[in-house]
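**Q** just a sequence and a predicted model for now, questions to come.
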Amino acid sequence: MKITTKMTHFAYAAAKDVYEGRTDIGEALDYLEDDCGMNRGSANDYIQGFKKMMIGERYTRTFNTEATDYYFTNIRQDYGVDALRNALQAAAAHVEYYRGLGHGDLKAIRAVIEAHQTFLRLDEPIYPDELDEPDLLLEGQKKKVFVNAYERNPKARAKCVEHYGAACSVCEMDFGEVYGELGEGFIHVHHLLPVAQLGKQYEVNPVSDLRPVCPNCHAMLHRRDPPLSINELREITHSKSPKPSAR
């Protein structure tokens, strides 16, 4: 059974209630199965996975990409960056476990982990062997956190994706097409206005101010200050695309 966006939201809320002792797991499973239409086994995986994330321990059942991103975002908002650090460590351990089984590399999940790492007050990456320039990462860390604080408003994000779809506005990658159910609905959203122009009372317009972009293109947009425009980065990627050979 496909895990829908609404199921993910209900599962996260139920997992929080179980974790914080407001309900027992049996009641939570009954609710997710009977009222939300979620498979009981999947519901249990999402509740147990949340607990593992909160304590930083490896979980063995894979969440889809959208759910992983949603859990990370809301754990940070509800419990802070220290809890997010635990969640990312648990997910990184899960990726290594899954790869050890010979089932694949979970590249989409790794991309989500690396994207959320920008929120951490860390001196080392979750995958320390993959970043040779930690000082470069830290130099832009505060700026990236500030940018994402605007971009991750859940309602604005949902309306942006509803309008434009979940394909990247730059490279047109659709995670659902590449990764199947695991990647369906996963995408970042990028704020078109520089953060310095946003005041505390600024109200985001999801259609005119935001665009869906994949994590790679999102990172490239912010390689320059002020950020590149969508069209500028699109021109760069198109100029680098392989050209047909002459016959």
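**A** Sure, I can see it. All figures in this text were calculated on a predicted structure; none of them were measured in a lab.
**Q** avg pLDDT for stretch 213-231?
**A** Averaged across stretch 213-231, the pLDDT comes to 88.
**Q** which secondary structure element contains the most centrally placed residue in the chain?
**A** The centre of the chain sits closest to residue 69, judged by Cα atoms, centre = their mean, with a distance of 3.1 Å. Assessed by DSSP states H and E, residue 69 sits inside helix 65-79.
**Q** contacts for that helix next, please.
**A** Helix 65-79 is contacted from outside by 3, 5, 8-9, 11-12, 16, 46, 49-50, 53-54, 63, 83-84, 87-88, 91, 108-109, 112-113, 115-116, 119, 152, 154, 175, 179, 182-186, using Cβ atoms under 8 Å, 6 or more residues apart in numbering. Every residue, glycine included, has its C-beta placed from N, CA and C.
**Q** which ChimeraX command selects the buried ones in these?
**A** Entered in ChimeraX, the line below selects the buried ones among the contacts of helix 65-79, by 16 or more other Cβ atoms under 10 Å:
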select :3,8,11,12,16,46,49,50,53,54,63,83,84,87,88,91,108,109,112,113,115,116,119,152,175,179,182,183,184,185,186
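**Q** the contacts of helix 65-79 in helices, which ones?
**A** 5, 8-9, 11-12, 16, 46, 49-50, 53-54, 83-84, 87-88, 91, 108-109, 112-113, 115-116, 154, 175, 179 (DSSP state H).
**Q** for this protein, what helix or strand is lowest in average pLDDT?
**A** helix 134-139 (a mean of 33; mean pLDDT, DSSP states H and E).
**Q** tell me who's in contact with the closest residue to residue 50 other than its chain neighbours.
**A** Spatial nearest neighbour of residue 50, chain neighbours left out: residue 15 (3.5 Å); criterion: Cβ to Cβ, 6 or more residues apart in numbering. Shown in contact with residue 15 (Cβ under 8 Å, 6+ apart): 28, 46-47, 49-51.
**Q** what's the neighbour count on the residue nearest to residue 89 when sequence neighbours are not counted?
**A** Closest residue to residue 89 apart from its sequence neighbours, by Cβ to Cβ, 6+ apart: residue 56 at 4.7 Å. Using other Cβ atoms under 10 Å, residue 56 has 17 neighbouring residues.
**Q** could you do residue 231 as well?
**A** With neighbours defined by other Cβ under 10 Å, the count for residue 231 comes to 10.
**Q** residue 205 and residue 236: what is the separation?
**A** 26 Å (Cβ to Cβ, to the nearest Å).
**Q** and the nearest residue to residue 90 once chain neighbours are set aside, what does it touch?
**A** Nearest non-adjacent residue to residue 90, counting by Cβ to Cβ, 6+ apart: residue 53, 4.7 Å away. The neighbours of residue 53, taking Cβ under 8 Å, 6+ apart as the test, are 59, 71, 75, 86-87, 90-91.
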